[in-house]
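>>> here is the input, now give the coordinates:
(chains A and B)
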Amino acid sequence: MKIKRTWIINGEKLEAEVPPMRRFLDVLREDLQLKGTKEGCGEGECGACTVIVNGETVLSCLLAAGQVPDGATVTTVEGLEKTLGGKVLQAAYIEKGAAQCGFCIPGMIVSSYALLSRNPTTDAAQIREAHAGNICRCTGYDKIVEAIQSAAEQWPVEAKG
Amino acid sequence: MSTKTPTSFEEMDCAFPSSLAEALDLMADESTRGRPLAGGTDLMVQWESGVVNRPERSISVKGLPELMGISEAGDELVIGSGVTHMQLRSSDLVQKHVPSLAEAATTVGGFQIQTMGTVGGSVANASPAGDLAPSLLITEGRVVVANREREREIPVTEFWQGYRKIDLQPDELIIRFHLPKKSAESREYWRKLGPRRAQAISKVMGSCRGQVLDGQIQSFRVAIGSVAATCVRLTGIEEWLLNRPLNESTLAEVEKRVTEEVQPIDDIRSTADYRRWVTGRMVRGFLENWLEPA
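Okay, the predicted model is just below:
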């Protein structure tokens, strides 16, 4: 059995017909070929599969496709490139050397984008808390935090649209 | 209807009712009934890992309007079962009236788990390590469940009947929680011990609500998780503390009594010995908070 859903994914309207309990991660990666979103642990521990649904970060490996509501706005790492904030974040991650092996980065930067869109803070404690669900085994997090602080300082560009 | 156990998410069926009435109608009939699914942060993991067999059908109760919202009703807070951890921690009402619950919600997983997981789901999952349980227990509140015909109220202290066993009939859903507010003079505290602040399941955690007046303990409730098959109130300790002076001799004695009262087990997250010791320290630490101004 399949269910029908209409979603706005990275700004584009998509009419999907999917098994209701198929993991949203598999819909993104396999059905839509959006392979930027990664599967790390597959059990909600690592945050590599983080995407934004209606403004909130969620773990796409624990999300049944049918539970993504009709009309939902979804942003994956691919969608960030289309936004000014996403470009600022990408440049800041590169400049600060925030990525090493890179596997966690799609989820990490999606969490950064969700945080700064809501609250462009440079407060390290707030930044760390908002990324506590994204595990990185390379960098020790300091450079990631620096990159997000740097992006936050430049964030008004996004607010202006 | 086939009766085979699905082996993949794709083989599973799920219904998406748009109202509570519709959901309860589905639950009422054995042919349409399914495993209630809220945020999925426990069930999706259990199904994927095989710890729990995949049901043929689920009923998604996520976001049902009747299960959302946090409001006041006299001396109580009313919290819908569909309220997420993120909504709990962000709620002024919860922060003010059951502050340990708001604090507990901040320690569940990370932001992603907090935006997905719900209070009803956490309670239904009935893990002894469920982080919201201690704060619910110390309110001495009620769980409201319903089937198509009627609502039923159960004291929170009786809802968890054993390891992962709850007082819920096959046709019922958890609807909301009625939690008596703390009084203005009382305080609540929350503490969680795990290997990491976020994304870690507790070794031991707990909450307390109490009142101390002129150095004397007027009331004290304490509940501890991960030390028994369910989260437990330490009623023997609570009774012993009543009307005692809050001083070093009381603190030393209570720490010793707690280590004798709890009966934790060894498991993958910790050992019985450590848990017993740390629970004593935790309860002592709770009481020490009253030696400082609020």
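
>>> what helix or strand does residue 143 sit in?
By default, I'm working from chain A. Assessed by DSSP states H and E, A:Lys143 sits inside helix A:142-153.

>>> you answered for a different chain; I wanted chain B.
Going by DSSP H and E, B:Val143 is part of strand B:142-146.

>>> which residues of chain B lie near chain A?
Residues of chain B lying close to chain A by CB under 8 Å from any CB of the partner chain are B:9-14, B:16, B:37, B:40-41, B:44-45, B:48-49, B:58, B:60, B:62-63, B:86, B:109-113, B:115-116, B:197-199. (Glycine included, C-beta is placed from N, CA and C.)

>>> out of those, which sit inside strands?
Here DSSP state E is the test, and the residues of chain B next to chain A give B:13-14, B:37, B:58, B:60 as lying in strands.

>>> which one of those residues sits closest to chain A?
Looking at those and their distance to chain A, the nearest is B:Cys14, at 4.0 Å (CB to the nearest CB).

>>> so that closest one makes contact with B:Ser58?
Yes - counting by CB atoms under 8 Å, B:Ser58 is a contact partner of B:Cys14 at 4.4 Å.

>>> who touches both of those two?
Counting by CB atoms under 8 Å, 6 or more residues apart in numbering or on different chains, the residues touching both B:Cys14 and B:Ser58 are A:21, A:64, B:34, B:37.

>>> now secondary structure, neighbour count and distance to A:Ser111 too, for those residues, in CSV please.
CSV is the format used below for those (DSSP: H, G, I helix; E, B strand; the rest coil; neighbours: other CB atoms under 10 Å in any protein chain shown; distance: CB to CB, whole Å):
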residue, secondary structure, neighbour count, distance to A:Ser111
A:Met21, coil, 28, 25
A:Ala64, strand, 25, 21
B:Gly34, coil, 18, 32
B:Leu37, strand, 26, 25
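
>>> okay, domains of chain A per the record?
Following automatic domain parsing, chain A resolves into domains at A:3-79, A:83-159.

>>> same question for the last one, mean pLDDT?
Yep, that's domain A:83-159 we're talking about. For domain A:83-159, mean pLDDT is 94.

>>> so which residues of chain A form strands?
Secondary structure of chain A (DSSP E): strands located at A:3-9, A:12-18, A:50-53, A:56-59, A:73-75.

>>> in TSV, list those along with mean pLDDT.
What follows is the strands of chain A, written out as TSV (pLDDT from 0 to 100):
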stretch	mean pLDDT
strand A:3-9	97
strand A:12-18	97
strand A:50-53	98
strand A:56-59	98
strand A:73-75	98
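
>>> ok now do A:Gly47, which residues does it touch?
Contacts of A:Gly47 (CB under 8 Å, 6+ apart): A:40, A:59, A:104, A:107-108, A:111, A:131, A:133-135, B:110, B:112, B:199.

>>> quick check: closest non-adjacent residue to it.
In this structure, A:Gly47 finds its nearest non-sequential neighbour in A:Asn134, 3.6 Å apart by CB to CB, 6 or more residues apart in numbering or on different chains.

>>> buried residues, the helix or strand containing B:Gly285. List them.
Element membership for B:Gly285 (DSSP H and E) is helix B:272-288. Using 16 or more other CB atoms under 10 Å in any protein chain shown as the test for burial, helix B:272-288 gives B:275-276, B:278-280, B:282-287.

>>> with stretch B:127-142 instead?
Judged by neighbour count (16+ other CB under 10 Å), stretch B:127-142 contains these buried residues: B:127-139, B:141-142.

>>> leaving out the residues flanking it, which one is nearest to the residue in the stretch 1-150 of chain B positioned nearest to chain A?
Using CB to the nearest CB, the single residue of the stretch 1-150 of chain B nearest to chain A is B:Gly110, 2.0 Å away. Closest residue to B:Gly110 apart from its sequence neighbours, by CB to CB, 6+ apart: A:Gly133 at 2.0 Å.

>>> torsion angles phi and psi at that neighbour?
Main-chain torsions, A:Gly133, degrees, to the nearest 10: phi -90, psi 10.

>>> how about the contacts made by it?
A:Gly133 is in contact with A:47, A:50, A:57, A:59, A:111, B:109-113, B:198-199, counting by CB under 8 Å, 6+ apart.

>>> which ChimeraX command selects the buried ones in these?
To isolate the buried members of the contacts of A:Gly133 in ChimeraX, using 16+ other CB under 10 Å:
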select /A:47,50,57,59,111 /B:109,110,111,112,113,198,199
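
>>> can I get the contacts of A:Gly133 in JSON lines including distance to B:Gln218?
What follows is these, written out as JSON lines (distance: CB to CB, whole Å):
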{"residue": "A:Gly47", "distance to B:Gln218": "44"}
{"residue": "A:Thr50", "distance to B:Gln218": "46"}
{"residue": "A:Thr57", "distance to B:Gln218": "43"}
{"residue": "A:Leu59", "distance to B:Gln218": "44"}
{"residue": "A:Ser111", "distance to B:Gln218": "44"}
{"residue": "B:Gly109", "distance to B:Gln218": "36"}
{"residue": "B:Gly110", "distance to B:Gln218": "38"}
{"residue": "B:Phe111", "distance to B:Gln218": "38"}
{"residue": "B:Gln112", "distance to B:Gln218": "41"}
{"residue": "B:Ile113", "distance to B:Gln218": "37"}
{"residue": "B:Ala198", "distance to B:Gln218": "35"}
{"residue": "B:Gln199", "distance to B:Gln218": "38"}
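
>>> how about the longest helix seen in chain A as CSV, C-alpha atoms only?
When chain A is parsed with DSSP state H, its longest helix is helix A:105-118. Taking Å, rounded to 0.1, in the frame of the first residue of the first chain, the C-alpha atoms of helix A:105-118 are listed here in CSV:
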residue,chain,number,x,y,z
ILE,A,105,28.7,17.7,7.9
PRO,A,106,25.5,17.6,6.0
GLY,A,107,23.5,16.9,9.2
MET,A,108,25.7,19.3,11.2
ILE,A,109,25.3,22.3,8.7
VAL,A,110,21.5,21.6,8.5
SER,A,111,21.4,22.0,12.3
SER,A,112,23.4,25.2,12.0
TYR,A,113,21.0,26.6,9.4
ALA,A,114,18.0,25.7,11.5
LEU,A,115,19.5,27.4,14.6
LEU,A,116,20.7,30.6,12.9
SER,A,117,17.4,31.0,11.0
ARG,A,118,15.6,31.0,14.4
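
>>> and for the nearest residue to B:Ala23 once chain neighbours are set aside, the neighbour number?
Nearest non-adjacent residue to B:Ala23, counting by CB to CB, 6+ apart: B:Pro17, 4.1 Å away. By other CB atoms under 10 Å in any protein chain shown, the residues close to B:Pro17 number 16.

>>> ok, B:Pro17 touching B:Ser58?
No - the criterion here is CB under 8 Å, and B:Pro17 misses it with B:Ser58 at 11.2 Å.

>>> next, the contact list for residue 78, please.
Just going to use chain A. So A:Glu78 contacts A:10, A:34, A:36 (CB under 8 Å, 6+ apart).

>>> looking at chain B here, not the other one
When contacts are counted by CB under 8 Å, 6+ apart, B:Val78 touches B:69-72, B:176-179.
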